[in-house]
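K.L.:
Dropping a prediction and its sequence here:
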Amino acid sequence: MKTNIAIIMGGHSSEYLISLKSGNVVYNYLDKKKFNLYRIHIFKEKWVYVDENNEEHNVNRHDFSIKMDSKTILFDCVFNAIHGSPGEDGLLQAYFQLLGIPQTSCDYYQAALTFNKRDLLSVLKPYGIKSASSYFLNLGDEIDVDAIVEKVGLPCFVKANKAGSSFGISKVYEKGKLEEGIEKAFKEDEEILIESFLDGVEVSVGVITYKGETKVLPITEIVSENDFFDYEAKYEGKSQEITPARITPLQERRVTETAARIYNILKMKGFSRSEFIFIDDEPYMLEVNTTPGLTIESILPQQAHVAGISLSELFESAIEEALA
């Protein structure tokens with residue numbers, strides 16, 4: 001008997017279009033001889049199953065089921081392809097845990113923690129994980145520009161604390177432009193993070209659970225044509241993503257060990273992608289993503305390809321791990 005798999009996509013954030021692309025890649029590459037696949041769109045206004053004719057069928061949120069031809073369909077596993085809330089911040093992970101439905105991403109606490117950059121930095125700091133100097137603001141706080149510049153220097157990055165894909169991020173060179181960057185970030189989130197600029201090679205490290213073990217994928221070097229790795233650079237071809245990265249054996253060893261250590265310290269599961277910048281051969285962590293992009297152009301699928309793992313194998317392994 002084939003396993004019923006719900007592929008959830010969409011979400012509440014600015015990343016919903018990327019999520020729809022990711023979810024459809026998963027749908028296209030999973031083996032339909034092994035799995036009954038159902039594309040589930042989750043938005044604030046509706047949860048629907050979208051069939052092959054693009055017709056929508058309501059999802060019963062009480063038990064996460066759908067009705068087809070008077071039959072109720074329940075799911076054996078959920079493949080999470082939602083970037084941002086509610087798929088990356090722990091809300092849906094907690095919901096599925098309450099319902100007893102296995103899902104492919106990490107557990108709800110790890111999702112909530114990694115989605116909150118400020119809290120993640122606080123948890124990892126005692127373990128010696130290096131990161132940039134930072135300054136935090138909540139919406140409504142007094143903005144002391146002089147204090148911010150004294151703490152993080154210029155240039156600096158202003159970013160939403162809980163947002164992905166470089167939404168709401170600015171690189172600020174002048175003190176007079178700080179408030180403009182802060183205002184932009186507050187449009188994405190009520191908490192923001194202001195970090196010192198780290199001038200070094202940027203890399204992205206995929207860490208997954210594969211065949212029961214923590215596996216670090218080949219490292220990707222990020223070379224942005226823009227001033228930093230923003231949305232345009234990530235998704236509109238304005239960057240080079242070089243896998244394997246052009247880094248020294250020492251840098252490779254250190255960032256591999258650090259990324260795996262973070263994954264294990266946090267008791268992660270499923271896919272993750274961590275970003276680092278090298279300063280004097282030391283990797284400084286920028287963030288951890290727990291539902292990274294899964295489009296053909298996305299970094300994690302590129303890394304899996306270099307590791308000799310096909311998209312079908314990558315996605316199927318996530319389901320096997322969740323069901324295990």
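P.N.:
Now that the structure is in, tell me what you want to look at.
K.L.:
And the strands in the stretch 1-150 of the chain?
P.N.:
Ranges of strands in the stretch 1-150 of the chain, per DSSP state E, counting those that start in this stretch, are 3-10, 35-42, 47-50, 56-60, 65-68, 71-73, 77-80, 134-138.
K.L.:
Can you lay out these as CSV showing mean pLDDT, distance to Tyr16 and mean neighbour count?
P.N.:
C-beta coordinates here come from the backbone N, C-alpha and C atoms, glycine included. CSV is the format used below for the strands of the stretch 1-150 of the chain (pLDDT from 0 to 100; distance: least, CB to CB, whole Å; neighbours: other CB atoms under 10 Å):
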stretch, mean pLDDT, distance to Tyr16, mean neighbour count
strand 3-10, 98, 5, 24
strand 35-42, 98, 9, 20
strand 47-50, 98, 13, 18
strand 56-60, 97, 16, 14
strand 65-68, 95, 21, 15
strand 71-73, 96, 24, 11
strand 77-80, 98, 14, 27
strand 134-138, 96, 25, 17
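K.L.:
Go through those and name the closest to Gln251.
P.N.:
Distance to Gln251, taken as CB to CB, is lowest for strand 134-138 among the strands of the stretch 1-150 of the chain, at 23.2 Å.
K.L.:
contacting residues for the nearest residue to Glu191 once chain neighbours are set aside?
P.N.:
Residue nearest to Glu191 in three dimensions, not counting chain neighbours: Asn161, with 3.8 Å by CB to CB, 6 or more residues apart in numbering. Contacts for Asn161 were tallied using CB atoms under 8 Å, 6 or more residues apart in numbering; they are 116-118, 136, 189, 191-193.
K.L.:
Over to His57?
P.N.:
When contacts are counted by CB under 8 Å, 6+ apart, His57 touches 48-51, 66-68.
K.L.:
what do you get if the cut-off is 7 Å, keeping everything else the same?
P.N.:
Applying CB atoms under 7 Å, 6 or more residues apart in numbering, we find His57 in contact with 48-49, 51, 66, 68.
K.L.:
How much space separates it from Thr295?
P.N.:
Applying CB to CB, to the nearest Å, the value for His57 to Thr295 is 25 Å.
K.L.:
got it, and Val25?
P.N.:
As defined by CB to CB, Val25 lies at a distance of 6 Å from Thr295.
K.L.:
So for the two, which sits in the more crowded spot?
P.N.:
More crowded of Val25 and Thr295, by other CB atoms under 10 Å: Val25, with 22 against 19.
K.L.:
so the more buried one makes contact with Ile296?
P.N.:
Yes. When contacts are counted by CB atoms under 7 Å, Val25 is listed as touching Ile296 (6.4 Å).
K.L.:
May I have the phi/psi pair for Ile192?
P.N.:
phi -130, psi 160 (degrees, to the nearest 10).
K.L.:
correct me, but it touches Phe186?
P.N.:
Yes. With contact defined as CB under 7 Å, Ile192 reaches Phe186; the gap is 6.3 Å.
K.L.:
What segments of the stretch 101-250 of the chain are helices?
P.N.:
108-115, 117-124, 145-152, 178-186, 231-235, 249-265 (DSSP state H, counting those that start in this stretch).
K.L.:
where's the nearest residue to Ala304 once chain neighbours are set aside, which helix or strand?
P.N.:
Once flanking residues are discounted, Ala304 sits nearest to Leu314: 4.7 Å by CB to CB, 6+ apart. Element membership for Leu314, per DSSP states H and E: helix 311-323.
K.L.:
tell me the contacts of the closest residue in space to Val172 that isn't next to it in sequence?
P.N.:
Using CB to CB, 6+ apart and skipping the chain neighbours, the partner closest in space to Val172 is Gly181 (4.7 Å). Gly181 makes contact with 158, 170, 172, according to CB under 7 Å, 6+ apart.
K.L.:
And the pLDDT at the residue nearest to Ala304?
P.N.:
pLDDT recorded at Leu314 is 97.
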